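Visitor: Quick check, what structure comes out for this input:
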Amino acid sequence: MDRQQISRLAHAHHPIAAPLADESVARLLDRATAGREDGRALDLGCGEGAWLIRALAARPGWRAVGVDLDPGALTRTRETATTLGVVRRIGLHHLDAREFTAKEPFDLVLCVGSTHAFGGLLPTLAAARELLAPGGRLLVGDGFWQREPSRAALDGLGATRDEFADLATTTDRVLADGWTPVFGHVSTEREWEDYEFAWTGALAEWALDHPDHPDAAAAREAADRHRTEWLHGYRGTLGFVTYLLRRD
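Guide: Residues are numbered from 1 along each chain as shown. Modelled structure (predicted):
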């Protein structure tokens, strides 16, 4: 079972691929699109398009573009957009986000939980800068250390100590790179718990419901491994912050 299929199954009940509750997503989108009746949004690493579809459903004057490497996720995006009647206002690209280019800049660029596609937060900011219109906004979400990571936390994440910094240092780096946070959200413990239990639970339940499927054992093993890495590793250590940024 490949990572893309695992991710699709794991996010069956939590379409936002980050520890964010529905009300947090709504508040962030409201702030990101405030003051504009129409505009163009771009999601780099859009997955199943949850951010863009929510934005389009609430804002009939907006159009959107989603970019992702997973063709199955893009198919689901198109199906959901069709059901909600917004499919004519969204364009989808099966492409590495690093390779995406556009003739016109965007009023809003999103990359929440997908900064790994660019090699981290600062490279993501650099990529977004080239795609953002003057006065536009960037909604970007990434991890940070809530406390000094233990060896178990690093092993569970498959990360190194310098892969993230604490929240203050992370914010200082964003400021030094020429961006100003105009809003933000730090995911709560409840949001983390809901996300992790939804992720592992959906994958494990799929395995239980499909015992004869050739991928059932792999799905169950992936769910059990992830749960152990979280509960015995990075729980309470890894935080998640979503910034709404404007360029200086």
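Visitor: From here on, just use CA atoms for contacts and neighbour counts.
Guide: OK.
Visitor: separation between the nearest residue in space to Thr101 that is not next to it in sequence and Leu42?
Guide: Closest residue in space to Thr101, ignoring its immediate chain neighbours: Leu131 at 7.6 Å, by C-alpha to C-alpha, 6 or more residues apart in numbering. From Leu131 across to Leu42, the span is 9 Å (C-alpha to C-alpha, to the nearest Å).
Visitor: same check, this time on Gln5
Guide: With the distance defined as C-alpha to C-alpha, Gln5 ends up 23 Å from Leu42.
Visitor: what's the answer for Asp96, then?
Guide: As defined by C-alpha to C-alpha, Asp96 lies at a distance of 14 Å from Leu42.
Visitor: list residues touching both of those two?
Guide: Taking C-alpha atoms under 8 Å, 6 or more residues apart in numbering as the contact definition, Asp96 and Leu42 share the neighbouring residues Val67.
Visitor: lowest-confidence helix or strand of this protein?
Guide: For the chain, scoring each helix and strand by mean pLDDT, DSSP states H and E identifies helix 3-10 as the least confident one, at a mean of 91.
Visitor: Now do the shared contacts for Leu131 and Leu42.
Guide: Going by C-alpha under 8 Å, 6+ apart, residues that sit against Leu131 and also against Leu42 are 106, 109.
Visitor: Name whatever forms a beta bridge with the closest residue to Ala128 other than its chain neighbours.
Guide: If you skip the residues right next to it in sequence, Ala128 has Val109 as its closest partner in space, 6.7 Å away by C-alpha to C-alpha, 6+ apart. Val109 has these beta-bridge partners by DSSP bridges: Leu42, Leu138.
Visitor: so where do the helices sit in the protein?
Guide: Shown for the chain, the helices assigned by DSSP state H span residues 3-10, 22-32, 50-58, 71-83, 121-129, 151-157, 167-176, 189-209, 216-229.
Visitor: backbone phi and psi for the residue in the chain sticking out farthest from the centre, please?
Guide: Summary for the chain: using C-alpha atoms, centre = their mean, the residue whose C-alpha lies farthest from the chain's mean C-alpha position is Asp212, with a distance of 32.0 Å. Geometry field for Asp212 lists phi and psi as phi -90, psi 0, criterion degrees, to the nearest 10.
Visitor: roughly how far apart are it and Glu221?
Guide: Asp212 sits 15 Å away from Glu221, taking C-alpha to C-alpha as the criterion.
Visitor: Ok, Gly113 next?
Guide: Distance of Gly113 to Glu221, given as C-alpha to C-alpha: 23 Å.
Visitor: more neighbours, the two?
Guide: With neighbours defined as other C-alpha atoms under 10 Å, Gly113 and Glu221 compare such that Gly113 has more, 22 against 15.
Visitor: which residues touch that one?
Guide: For Gly113, the set of contacting residues under the criterion of C-alpha under 8 Å, 6+ apart consists of 17-18, 140-142.
Visitor: ok, which pair from those is furthest apart?
Guide: In the contacts of Gly113, two members sit farther apart than any others by C-alpha to C-alpha. They are Ala17 and Val140, at 12.6 Å.
Visitor: Identify the contacts common to those two.
Guide: Between them, Ala17 and Val140 share the neighbouring residues 112-113, with contact defined by C-alpha under 8 Å, 6+ apart.
Visitor: The two - which one has more neighbours?
Guide: More neighbours surround Val140 than the other of Ala17 and Val140, with 24 against 20 (other C-alpha under 10 Å).
Visitor: And for stretch 241-248, what's in contact with it?
Guide: Taking C-alpha under 8 Å, 6+ apart as the rule, stretch 241-248 contacts 28, 32, 112, 129, 135-144, 167, 178-187.
Visitor: now with 7 Å?
Guide: Applying C-alpha atoms under 7 Å, 6 or more residues apart in numbering, the contact partners of stretch 241-248 are 32, 135-143, 178-187.
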